[in-house]
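Make a model of this:
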Amino acid sequence: MSDLDNQTVTTDPDYLGFIHNVKQSTGIDLAQYKEAQMKRRLTTLRMKNNYRSFTDFYAAMLKDKALFYEFLDRMTINVSEFWRNPNRWEVLRDVILPELERSSRKLKLWSAACSTGEEPYTLAMILSDKGILGQTGILATDIDDGALAKAKQGLYLERSIKDVPQDVAARYFAPEGPVLKVSDSVKKHVDFRKQNLLLDKFDDGFDLIICRNVMIYFTEEAKHKLYHKFAQSLRPGGYLFVGSTEQIFTPGQYGFETTETFFYRKK
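Presented below is the predicted three-dimensional model:
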């Protein structure tokens, strides 16, 4: 990523007005996202829909719910898959969860920015195989109503399970027409809710927070704020699990210590 992607570069009043209007009407603060990336992404979407300006695009979004959901989908980049980076999920299963089980009778877990549900369902399948899913609470949140609706459906293309172990796929997925459906035995244990990470208050007392492949889109200031919020939401000894491009270089400033790669324990 170039340095340009980390800088505020816009002096375009049309786009600045769009940022202001979106924040006023939805609470979504596009200024907290890396600007060059976001503007490029949304310009492509605007032009695809044949709007000459962001002013016109915003006015259309207010009238057309499908266009607004398309904006959210483009903004949040809902690209996910089950067992993404499988070796990290193996560490969670074999190292992190056993430690958490020893220190907490009922685990409280949160998949933040869960997109279309692959991540919390992966977690639920692992917990089910360990025999503790029924004694565990899994919260899954995202800002995108469209993504949450897809997550609740639990229907996925076959390519999204390419990293799922074959025996696990056989237990928890069933063909439904041209797609695969997640088993109701895991679906019923995931509580999907809408949430704006940058704006909303967080619950506390979590044993594990998973927030992967999302922080890369935020400014350094927004990341700093979120890491503090996540730390406050974890119980002492709880873990934050981040994506493979999201290493925290000074975890101590948030009250974290590094244990396994991409896992940070609250001191």
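
ok, the residue lying closest to Gln247 once chain neighbours are set aside to Glu35 distance?
Of all residues not flanking Gln247 in the chain, Phe262 sits nearest, at 6.8 Å (CB to CB, 6 or more residues apart in numbering). C-beta: built from backbone N, CA, C; applies to glycine. Using CB to CB, to the nearest Å, one obtains 26 Å as the distance from Phe262 to Glu35.

got the residue ranges for the strands in the stretch 1-150 of the chain?
108-112, 137-142 (DSSP state E, counting those that start in this stretch).

and the first one, how far out from the chain's middle?
Spelled out, that is strand 108-112. 10 Å (CA atoms, centre = their mean, to the nearest Å).

Ok, stretch 45-65 next?
Chain-centre distance of stretch 45-65: 26 Å, with CA atoms, centre = their mean.

Give me the neighbour count for the spatially closest residue to Ser53 that is not a sequence neighbour.
If the residues on either side of it in the chain are set aside, Ser53 comes closest to Asp14, at 5.2 Å by CB to CB, 6+ apart. Residue neighbour count, defined by other CB atoms under 10 Å, stands at 14 for Asp14.

wouldn't Asp14 be in contact with Asp56 here?
No: counting by CB atoms under 8 Å, Asp14 sits too far from Asp56 to count as a contact (9.3 Å).

quick one on the thing from earlier: ok, now which ones touch the residue nearest to Gln247?
Listed by CB atoms under 8 Å, 6 or more residues apart in numbering, the contact set of Phe262 reads 88, 241-244, 246-247.

Look up how far Met75 lies from it.
Counting by CB to CB, the gap from Phe262 to Met75 is 25 Å.

Would you mind measuring the gap between the ends of stretch 24-37?
In stretch 24-37, first residue to last residue: 22 Å (CA to CA, to the nearest Å).

If you could redo that for stretch 197-214, that was the one I meant.
Span of stretch 197-214 from end to end, CA to CA: 11 Å.

just stretch 248-267 next, same as before
15 Å.

where does that stretch sit relative to the chain's centre, distance-wise?
That offset, for stretch 248-267, works out to 19 Å (CA atoms, centre = their mean).
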